[in-house]
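[1] Got a predicted model here, sequence first, then my questions.
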Amino acid sequence: MEHREQRSNRRDFLSKLLGAWSLLVVAPVAKVILEYITPRTLSETRRETVRVASIEDLALNTARIFKVGKDPVIIVHTASGQYKAFNARCTHLGCVVQYTTEDGPPHFGCNCHGSQFDTNGKNIVGPASRPLVPYKVIVRESSILVVKT
Amino acid sequence: MLTLQQSQRRIYAWLDERLPVRAVIEFMSRKTVPRHKHSFWYFFGGLTLFFFCVQIITGILLALYYKPTPELAHESVRKIITEVPHGWLIRSIHSWSANLMVASLFIHMFSVFLMRAYRKPRELLWVSGVLLMFLVFGFCFTGYLLPWDTTAYFATLIGTEVPRTLPIIGDWGVSLLKGEEEVGAETLSRMFMIHVTILPLIALLVICFHLLLSQLLGSSVPSGAAERKPATPFFPNFALRDSIAWTIGALVLFILAVMKPWELGPVADPYASAPAGIKPEWYFLPLYQSLRMAPATLLGVSGELIVNLLAVVLSAAWFLVPFFAAKANAQRGSRLFTVFGICLILYLCVTIILAYTT
């Protein structure tokens, strides 16, 4: 009887040991796999001035999208003659917005879920809860330069 | 010289010594399907399985020519539909059968819900079925990006951003899906790999479990429905009717694939504005329309977060339906559950219609 109890204790101990050993093997493997599939986050793009266009490229009251680093940047030449630049990614779910002068005052509209932003980038209509991310615009001679603010 | 019958008998005996062949044949020959006024809805489970089989076959054929890189993906799909013999048909069947599979799955799921077929002892049948629905959504979502056309690109861009608002796992989940900061080469190869390896592997296991359970537990008779006797024998009566349903399904699929070949849009340009009128596929429209209708903020909380959390809570509740349905388990009707099911169906239909019309 005592012998059987001893054997059962031994079996319990070995089962727990096997469980702990499995955990010890599985945990580092899972960690390696998790790290492998999680993409590395790149450091913030350095703050630098990028020449994106020349002033002839943008007629009054029009806008164009340029690639700056990995971002699509929309530069608008407003009716009042100002140049403004924003990250063209809608702050709702990331679609690229477009500049439109139809349906009311000029604004940026997103075709995906209908968000709208005024020419200062402020969210005015739709589900987007944040304004467009602005870029600083510098006009030097005939070049338009943008700086990530 | 052995006759054909003798050879068959020998093969049978050889197999029976190694596998439970006799037991399976006996079980299947005794299997019956209940007869009542709602028996018609039983066909949609089999029909969903049929469309899934079509997906596997056409998917394998498409994978022979498809190249999962942003530079080659669109061109390889263009080649499939313009140069490869019958390629347009294979792709069209693949896309249409995905849609028909979702439609058939919805009908099957809601009929099971309204007939309360999830009652004890079929709880795990329901749970595995709901899991299969989410796997099918996973198939649809990951497969959608693969042609790398404009609609596919923006649909994936939005779809991969949706979980970002979720607390704790949001950002990590998005980066895991995308594989990089923006939807690009890493995203495409991840979606392809999930679409052709991970999801099929899990789906096959869950389908086997679901089918095994449905064979062991049999079809449920709705509470309150008068069962007619004798029940329909599965072989050959029900199997024959099932094959007629499959034939009709195949015919509808073929007509759609030929009359309305699945189109390929212009190649994706990540730096172009999203085209006007862009919408996801019909089965994602309820979520799309909910996101569209949500206010930017409600009581200081982002509308997007509210919609996403509601979707998560509803999905979890949907899994647990059999465990909430005490009345249904006790064989009595639960009006609350019926009203909830009908409201859910109405919400799905209304949001789909709104998304198309507004």
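    Structure's in. What do you need? Numbers count the residues shown, from 1 in each chain, chains lettered A, B, ... in the order given.
[2] residues near B:Arg190, how many?
    22 (other CB atoms under 10 Å in any protein chain shown). The way it works is simple: take the backbone N, C-alpha and C, and place the C-beta from them, glycine included.
[3] for A:Cys95, that is, sorry about that
    Around A:Cys95 there are 24 other residues, counting by other CB under 10 Å.
[4] right, and it touches B:Phe154 too?
    Yes. Using CB atoms under 8 Å, A:Cys95 is in contact with B:Phe154, at 5.6 Å.
[5] shared neighbours of those two, anything?
    A:112, B:274, B:278 (CB atoms under 8 Å, 6 or more residues apart in numbering or on different chains).
[6] residue nearest the centroid of chain B?
    B:Val136 (3.3 Å; CA atoms, centre = their mean).
[7] try chain A
    A:Gly94 (7.0 Å).
[8] secondary structure class for it?
    Classification of A:Gly94 by DSSP: H, G, I helix; E, B strand; the rest coil places it in coil.
[9] what sits against it?
    B:157-158, B:161.
[10] which of these come close to chain A?
    Applying CB under 8 Å from any CB of the partner chain to the contacts of A:Gly94, one finds that B:157-158, B:161 fall near chain A.
[11] Filter these down to the ones in helices?
    For the ones next to chain A among the contacts of A:Gly94, the ones inside helices are B:157-158, B:161, with DSSP state H as the criterion.
[12] Show me which of those is closest to B:Leu336.
    Closest approach to B:Leu336 among those (CB to CB): B:Ile158, at 34.4 Å.
[13] thought the closest one was touching A:Leu93?
    Yes. In this structure, B:Ile158 is within contact of A:Leu93 by CB under 8 Å, at 4.5 Å.
[14] Name the residues contacting each of these two.
    With CB under 8 Å, 6+ apart, B:Ile158 and A:Leu93 have common neighbours A:112-113.
[15] Just give the nearest non-adjacent residue to the residue of chain B found nearest chain A, would you?
    Nearest residue of chain B to chain A: B:Ser273, at 3.5 Å (CB to the nearest CB). Ranked by CB to CB, 6 or more residues apart in numbering or on different chains and with sequence neighbours excluded, the top spatial neighbour of B:Ser273 is A:Gln98, at 3.5 Å.
[16] check contacts around that neighbour.
    By CB under 8 Å, 6+ apart, the contact set of A:Gln98 is A:63, A:74, A:108-111, B:273-274.
[17] can you rerun that using 10 Å?
    By CB atoms under 10 Å, 6 or more residues apart in numbering or on different chains, the contact set of A:Gln98 is A:63, A:65, A:74, A:88, A:107-111, B:272-276.
[18] quick check, nearest of those to B:Ser92?
    B:Pro275 (22.2 Å).
[19] Wait, the closest one touches A:Cys110, no?
    No. B:Pro275 is beyond contact range of A:Cys110, at 11.4 Å (criterion: CB atoms under 10 Å).
[20] Settle it for me: which of those two has more neighbours?
    A:Cys110 (29 against 15).
[21] for the residue in chain A positioned nearest to chain B, phi and psi?
    Residue nearest to chain B within chain A: A:Gln98 (3.5 Å; CB to the nearest CB). As for A:Gln98, its main-chain torsions (degrees, to the nearest 10) stand at phi -130, psi 150.
[22] beta partners of it?
    Counting by DSSP bridges, A:Gln98 is bridged to A:Gly109.
[23] re the thing from before, list just the nearest of the shared contacts of A:Cys95 and B:Phe154 to B:Leu146.
    Of the shared contacts of A:Cys95 and B:Phe154, the one sitting nearest to B:Leu146 (CB to CB) turns out to be B:Ile278, at 17.5 Å.
[24] how about the strands in chain A?
    Applying DSSP state E to chain A gives strands spanning A:49-54, A:62-68, A:71-77, A:83-87, A:98-100, A:107-109, A:116-117, A:123-125, A:134-140, A:143-148.
[25] In which helix or strand does the residue nearest to B:Pro261 when sequence neighbours are not counted reside?
    In space, and not counting its chain neighbours, B:Pro261 is closest to B:Ser92: 4.5 Å by CB to CB, 6+ apart. Using DSSP states H and E, B:Ser92 sits within helix B:87-114.
[26] do B:Val84 as well
    Residue-wise, B:Val84 maps onto no helix or strand under DSSP H and E.
[27] Kindly report the same for B:Gly138.
    helix B:123-145.
[28] coming back round to it: what touches both of B:Pro275 and A:Cys110?
    With CB under 10 Å, 6+ apart, B:Pro275 and A:Cys110 have common neighbours A:95, A:98.
[29] returning to what we had before: let me know the secondary structure of the residue of chain B closest to chain A.
    Strictly by three-state DSSP, B:Ser273 counts as coil.
[30] Measure how buried it is and give me the count.
    25.
[31] Could you check the pLDDT of it?
    The model reports B:Ser273 with a pLDDT of 86.
[32] so who does it touch?
    A:63, A:65, A:72, A:74, A:88, A:90, A:95-100, A:108-112, B:154.
[33] Mind checking which of these are buried?
    A:63, A:65, A:72, A:74, A:88, A:90, A:95-99, A:108-112, B:154 (16 or more other CB atoms under 10 Å in any protein chain shown).
[34] rewinding a little: and the helix holding B:Ser92, what other elements does it pack with?
    helix B:43-63, helix B:73-82, helix B:123-145, helix B:239-259, helix B:335-357 (3 or more CB pairs under 10 Å, 6 or more residues apart in numbering or on different chains; DSSP states H and E).
[35] Same list (these) but as a markdown table, adding distance to chain A.
    Output for the helices and strands packed on helix B:87-114, formatted as a markdown table (distance: least, CB to the nearest CB, whole Å):
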| stretch | distance to chain A |
| --- | --- |
| helix B:43-63 | 22 |
| helix B:73-82 | 18 |
| helix B:123-145 | 14 |
| helix B:239-259 | 27 |
| helix B:335-357 | 10 |
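[36] any chance of these in JSON lines, with mean pLDDT too?
    Conversion of these to JSON lines gives the following (pLDDT from 0 to 100):
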{"stretch": "helix B:43-63", "mean pLDDT": "96"}
{"stretch": "helix B:73-82", "mean pLDDT": "97"}
{"stretch": "helix B:123-145", "mean pLDDT": "97"}
{"stretch": "helix B:239-259", "mean pLDDT": "96"}
{"stretch": "helix B:335-357", "mean pLDDT": "92"}
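[37] The helix or strand bottoming out on mean pLDDT in chain A vs chain B: in contact?
    Lowest on mean pLDDT, DSSP states H and E among the helices and strands of chain A sits strand A:49-54, with a mean of 83. No. Judged by CB under 10 Å from any CB of the partner chain, strand A:49-54 and chain B are separated, with a smallest distance of 11.9 Å.
[38] Identify the residues contacting that strand?
    Contact with strand A:49-54 is made by A:58, A:64-69, A:73, A:75, A:77, A:83, A:85, A:135-148, as judged by CB under 10 Å, 6+ apart.
[39] buried subset of those residues?
    If we count by 16+ other CB under 10 Å, the contacts of strand A:49-54 have these buried: A:58, A:64-66, A:68, A:73, A:75, A:77, A:83, A:85, A:135, A:137, A:144-146, A:148.
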